[in-house]
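Trainee: Next comes the sequence, and after it the predicted model I'd like to discuss.
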Amino acid sequence: MGAEVVEQIDIPYRTILNAADRHSSKNTYISAAKFAKQTLMEARARALTSTPTPATGHAVDSAPHFAPLVADPPMQRILERRWDECKRCIDAAAPLAATVMMGGLLEALLVARANRLSDKSKLFRAATTPVDPKTKKPLDLRQWTLGPYIDVGHELGWISDSARHVAVILRDYRNYIHPEKERSHGIALSSDDALMFWEITKTLSRELLAMKGET
């Protein structure tokens with residue numbers, strides 16, 4: 001079993017430990033436990049598969065091919081640069097910058113997945129579609145933030161239930177870009193936090209690139 005698989009299994013357990021330190025809600029622990037179950041099942045499936053891993057020489061963190069999700073070559077290059085910048089922030093021990101970059105990358109991938117829909121009306125018929133509190137009508141896509149994209153993406157089958165819950169944690173931590181929120185909550189992101197979120201980001205990216213769910 002490779003280091004990548006072991007690291008993937010470790011994510012939800014680090015989530016639980018971090019949540020305990022911060023006295024998080026019960027849902028955080030339940031979500032992390034579900035994610036732990038999923039990763040253990042995936043690891044067991046890999047262990048039972050005897051297919052050898054090809055010696056490609058590429059690092060585990062190398063940017064994936066975004067073409068299945070994004071047809072535009074310039075946008076593909078932008079996403080590759082964002083992916084690399086996430087890694088550079090982690091290597092430079094800049095956890096907040098890394099987390100902000102990851103949130104932006106994830107949002108871009110969710111937007112790209114939405115753009116691939118042949119019938120975009122599905123986005124506005126979902127139960128989790130954000131609505132304008134005054135008009136009670138669905139918000140224009142240009143007004144959607146990461147949270148609604150995560151919820152609607154899960155509802156349409158793009159990402160798994162456990163991945164959705166963990167993505168919400170990444171979204172919340174990304175919001176510590178606002179100094180007052182960091183001060184009032186007394187939270188300071190660590191390098192371990194950033195590494196955990198990076199594994200989450202890679203998992204979500206793989207799920208979105210697999211083009212699961214409604215198209």
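Mentor: That came through fine. Numbers count the residues shown, from 1 in each chain.

Trainee: So what touches the strand or helix carrying Leu208?
Mentor: If you go by DSSP states H and E, Leu208 is part of helix 191-209. The contact list for helix 191-209, computed with C-beta atoms under 8 Å, 6 or more residues apart in numbering, reads 7-8, 10-11, 14-15, 18, 61, 64-66, 68-69, 86-87, 89-90, 93-95, 98-99, 102, 105-106, 109-110, 112-113, 153, 158-160, 163, 166-167, 169-170, 173. Every C-beta, even on glycine, is put in place using the N, C-alpha and C of the backbone.

Trainee: got it, and stretch 139-152?
Mentor: Residues outside stretch 139-152 that contact it (C-beta under 8 Å, 6+ apart): 103, 106-107, 110-111, 114, 120, 123, 126, 128-132, 159, 164, 167-168, 171, 174.

Trainee: again with stretch 72-90
Mentor: 61, 63-64, 66-67, 70, 95, 97-98, 101-102, 104-105, 108-109, 112, 191, 194-195, 198, 201.

Trainee: So, low pLDDT: which residues of this protein?
Mentor: 1-60 (pLDDT under 70).

Trainee: show me where the protein has helices.
Mentor: Remark: helices assigned in the chain by DSSP state H are 3-21, 26-48, 73-91, 95-115, 121-125, 146-155, 161-174, 179-185, 191-209.

Trainee: Pull out the buried positions in the shortest one.
Mentor: The one in question is helix 121-125. Lys122, Leu123 (16 or more other C-beta atoms under 10 Å).

Trainee: Likewise for stretch 168-182?
Mentor: Burial within stretch 168-182, assessed by neighbour count using 16+ other C-beta under 10 Å, is assigned to Val168, Ile169, Leu170, Arg171, Asp172, Tyr173, Arg174, Tyr176.

Trainee: Show me what it is in contact with.
Mentor: 15, 28, 31, 96, 99-100, 102-103, 106, 146-147, 150, 185, 187-189, 193, 197, 200-201.

Trainee: Give me the buried subset of those residues.
Mentor: When these are checked for burial by 16+ other C-beta under 10 Å, the buried set is 15, 28, 31, 96, 99-100, 102-103, 106, 146-147, 150, 189, 193, 197, 200-201.

Trainee: thinking again about what came up before, please convert the buried residues of stretch 168-182 to JSON lines, extending it with distance to Arg206.
Mentor: Converted to JSON lines, those look like this (distance: C-beta to C-beta, whole Å):
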{"residue": "Val168", "distance to Arg206": "18"}
{"residue": "Ile169", "distance to Arg206": "18"}
{"residue": "Leu170", "distance to Arg206": "15"}
{"residue": "Arg171", "distance to Arg206": "18"}
{"residue": "Asp172", "distance to Arg206": "22"}
{"residue": "Tyr173", "distance to Arg206": "20"}
{"residue": "Arg174", "distance to Arg206": "20"}
{"residue": "Tyr176", "distance to Arg206": "26"}
